[in-house]
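Enquirer: From the sequence below, what's the structure:
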Amino acid sequence: MLSFLAGALIGLERKIRQQPIGMRTVVLISVSSTLLMILSLEMSAKGTGDPGRIAAQVVSGIGFLGGGAILRQGLNIKGLTSAAIIWASAAIGLAIGAGLYIVSFLALAVCIASLIFLDKFEMKYFPAERTKHLELVFKNNRLDFKALHAVIESHGLIILNMDTGKVMSEKILRISFSVRTPDIVDILALSENIQNIGKLEEINLTD
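Expert: Sure thing, here's the model as predicted:
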């Protein structure tokens, strides 16, 4: 029951954030890890096994389940936190099964506090975490790239690299940026400010 509670609390945080791993998954991991730890200790008490053998297999085997939570979406990798939660819930379950209740719930408290408060800290001080493509199409022969960079960065975007191309017959200039962006970007305000620099024909911000 303690493992159920620990798994449910961790899984609830993931569910609230609409992540691919949910409450049932984390509860099953935590409870089954506890059961395997109890089984390992009971077998050892009866002189029929090594108490660390099953626990070691849980630690190594849980990586396969964690790997399934990691997804690639465009330029971004998602699910690393969920994979770490899978590993952490297995560790907490093993500790509960070993009877280390105080240590287990201290670890649980640290995990939940990290998920809630460190996320807010990162959003405040490191908002530009997602990598996207920013494509601009201008009907210009020349452009002030320094001013363009300043406008883009003023909207919270961090420029990683830039590629340019020009269609000579149509006098079209294409500029492609890889940028780190906050979760929300006011694309309309960005396009209006860029139009003050040149004749902007098209703007796209994609993953």
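
Enquirer: My reading is that Arg180 lies in a strand. Confirm?
Expert: Yes. Membership of Arg180 in a strand is supported by DSSP: H, G, I helix; E, B strand; the rest coil.

Enquirer: Pull the contacting residues for the closest residue to Gln19 other than its chain neighbours.
Expert: Once flanking residues are discounted, Gln19 sits nearest to Ser82: 5.2 Å by CB to CB, 6 or more residues apart in numbering. Any C-beta I mention is one placed from the backbone N, CA and C, and that applies to glycine too. When contacts are counted by CB atoms under 8 Å, 6 or more residues apart in numbering, Ser82 touches Arg14, Gln19, Pro20, Ile21, Gly66, Ala69, Ile70.

Enquirer: ranking these by neighbours, who comes first?
Expert: Neighbour counts for the contacts of Ser82, by other CB atoms under 10 Å, peak at Ile21, which reaches 24 neighbours.

Enquirer: Please look at it and Ala84 and confirm they touch.
Expert: No. At 10.5 Å, Ile21 does not count as touching Ala84 under the criterion of CB atoms under 8 Å.

Enquirer: Tell me how far Asn204 lies from Leu157.
Expert: 14 Å (CB to CB, to the nearest Å).

Enquirer: Name the residues contacting each of those two.
Expert: Leu134.

Enquirer: Mind checking which of these two has more residues around it?
Expert: The neighbour comparison of Asn204 against Leu157 (other CB under 10 Å) goes to Leu157, with 21 against 12.

Enquirer: Leaving out sequence neighbours, find the closest residue to that one.
Expert: Nearest one to Leu157, counting by CB to CB, 6+ apart, is Val179 at 4.4 Å.

Enquirer: would you put the C-alpha positions of stretch 79-95 in PDB?
Expert: C-alpha atoms of stretch 79-95 as PDB (Å, rounded to 0.1, in the frame of the first residue of the first chain):
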ATOM      1  CA  GLY A  79      10.300  11.700 -22.300                       C
ATOM      2  CA  LEU A  80      13.700  11.800 -20.600                       C
ATOM      3  CA  THR A  81      12.000  13.000 -17.300                       C
ATOM      4  CA  SER A  82       9.400  10.300 -17.600                       C
ATOM      5  CA  ALA A  83      12.100   7.700 -18.100                       C
ATOM      6  CA  ALA A  84      13.900   9.000 -15.000                       C
ATOM      7  CA  ILE A  85      10.700   8.800 -13.100                       C
ATOM      8  CA  ILE A  86      10.300   5.100 -14.100                       C
ATOM      9  CA  TRP A  87      13.800   4.400 -12.800                       C
ATOM     10  CA  ALA A  88      13.100   6.400  -9.600                       C
ATOM     11  CA  SER A  89       9.800   4.700  -8.800                       C
ATOM     12  CA  ALA A  90      11.400   1.300  -9.200                       C
ATOM     13  CA  ALA A  91      14.200   2.400  -6.700                       C
ATOM     14  CA  ILE A  92      11.600   3.700  -4.200                       C
ATOM     15  CA  GLY A  93       9.600   0.500  -4.600                       C
ATOM     16  CA  LEU A  94      12.700  -1.600  -3.900                       C
ATOM     17  CA  ALA A  95      13.500   0.500  -0.800                       C
END
